[in-house]
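1. Sequence first, predicted coordinates after that:
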Amino acid sequence: MKFFNREKEINKILSILEGEPNFIYFIFGPINSGKSTVIREIITNRLDKNKYILFFIDFRARNVVNVDNFIECLFEVDEKSNIDDFREYAKSLSDLLVKGSEEVSKFYLGMSIKIPKPFFDKIFNKKDKSGDVYQYIEYLFAKLNEKGKKPILIFDELQMIKEITLNGNRLLLWSLFQFLVALTKVQHLCHVFCISSDSLFIEYVYNAGELEGRAKYILVDDFDKETALKFMDFLAKNILNKKLSNEEKEKIYYYVGGKPLDIYSVIDEMRYNKLDEILNFMLKDEISKLEMFLDILDYIEPKIEIRNKVIEVKKEDIINALKMFKNKYEISKREIPLPVYMYLVKKNILFLNSIEGTLKPQSYLVWNAIKRVL
């Protein structure tokens, strides 16, 4: 299906790629707002792959439970190579990557970073692994630059490394992002993009990685109403081969707002189900989830950790915070105590726009559930 809209975000990212690497970019937004879709559209249809070499790490598809797993995620081990000198291997790999970039498939997203097995084994036999790892990547990227190719390093679903970095591995996070600063702002060797819907973790990364003046943000938000209605027209034509009435479009927007995935789900299901039944089921499901969330609070002691201090969050405060959204979709984060909104963001009920300092429900469905349950 033809890609819809997002030209503003796409043009911004393409403009960044045309310039010299200077910053780490965090692509963030609510759940299912289309962040990964935007990147995939750029990679498959908008990028001149003769100019760039893509390294795409999707942490969602990896099992990241410890530091060794994290390092393994970055690499594809070359089992056939017997080279243990990473410089020698990087030179030959850069030649192969440059040649391969001329024949790469249109739908190729990118790869993990290839590494020779002898060198990989040697790394894992050492207590401190990160130094050799980063030195190898830096050398490889430098060789690609010498050959006129600019590497692009993309970390998708960055929040999947949250557990290992919060559980005593803050130094790993710091060293990783200081290395990424060296690749971008210091040596200008590589463009770096980190994608996540977890705005709290992005804030944590920004602070733990000491990224002030070294990182920027790109928001991929849900559609506004005008764009959402156009998206419905687009989908109805491509999926249903018909036009929706204004009443049908208004009803869809009332229930699911501008969430691209929710709009798609509704219109796709209209192939075999009635609109009212679809929307009512989606809302009932969201109401059930919210009621379950609130019921569980009677049996647990909600807690949130802030700067190594565990703070208890009261159910009453959570309910009072949610009630603030009965008549507003978006409010300032200052209107809700920090531990309370952090807990609600962590539970994917609210979305924090850390740049604007605002909070809103993760979707219109969640918003509608809040208005009915409370």
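-> Alright, I've got the coordinates. Residues are numbered from 1 along each chain as shown.

2. residues contacting Phe231?
-> Contact partners of Phe231, counting by CB atoms under 8 Å, 6 or more residues apart in numbering, are 4-5, 223, 258, 260, 263. Where C-beta positions appear, they are placed from N, C-alpha and C, glycine not excepted.

3. The same query, at a cut-off of 6 Å, please.
-> By CB atoms under 6 Å, 6 or more residues apart in numbering, the contact list for Phe231 reads 4, 223, 263.

4. what does the model give the closest residue to the second one other than its chain neighbours for pLDDT?
-> Using CB to CB, 6 or more residues apart in numbering and skipping the chain neighbours, the partner closest in space to Phe223 is Gly258 (3.4 Å). Turning to Gly258, the model gives it a pLDDT of 96.

5. before we move on, what about the one 5 residues further on?
-> We note a pLDDT of 97 for Ile263 in this prediction.

6. ok but Ala369 is inside a helix, no?
-> Yes. Counting by DSSP: H, G, I helix; E, B strand; the rest coil, Ala369 is found in a helix.

7. Quick one: end-to-end length of stretch 159-179, please.
-> Start-to-end span of stretch 159-179 (CA to CA, to the nearest Å) is 18 Å.

8. List the buried residues for that stretch?
-> By 16 or more other CB atoms under 10 Å, the buried positions in stretch 159-179 come out as 159-162, 164-165, 169, 172-173, 175-177, 179.

9. Show me what the helix or strand harbouring Ile311 is packed up against.
-> Using DSSP states H and E, Ile311 maps to strand 309-312. Contacts defined by 3 or more CB pairs under 6 Å, 6 or more residues apart in numbering; DSSP states H and E place strand 309-312 against strand 303-306.

10. partners of the strand it packs on, with directions?
-> Applying DSSP bridges, strand 303-306 is found paired with strand 309-312 (antiparallel).

11. Show me which positions of the strand it pairs with end up buried.
-> With burial defined by 16+ other CB under 10 Å, the residues of strand 309-312 counted as buried are Ile311.

12. got the CA coordinates for it in PDB?
-> In PDB, the C-alpha atoms belonging to strand 309-312 read as follows (Å, rounded to 0.1, in the frame of the first residue of the first chain):
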ATOM      1  CA  LYS A 309      14.800   6.300  45.700                       C
ATOM      2  CA  VAL A 310      11.600   4.100  45.700                       C
ATOM      3  CA  ILE A 311       8.500   6.200  46.200                       C
ATOM      4  CA  GLU A 312       5.000   4.800  46.900                       C
END
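
13. Please state the offset of it from the chain centre?
-> 27 Å (CA atoms, centre = their mean, to the nearest Å).

14. Okay, and which of the buried residues of stretch 159-179 map to helices?
-> Using DSSP state H, 162, 164-165, 172-173, 175-177, 179 are the members of these that sit in helices.
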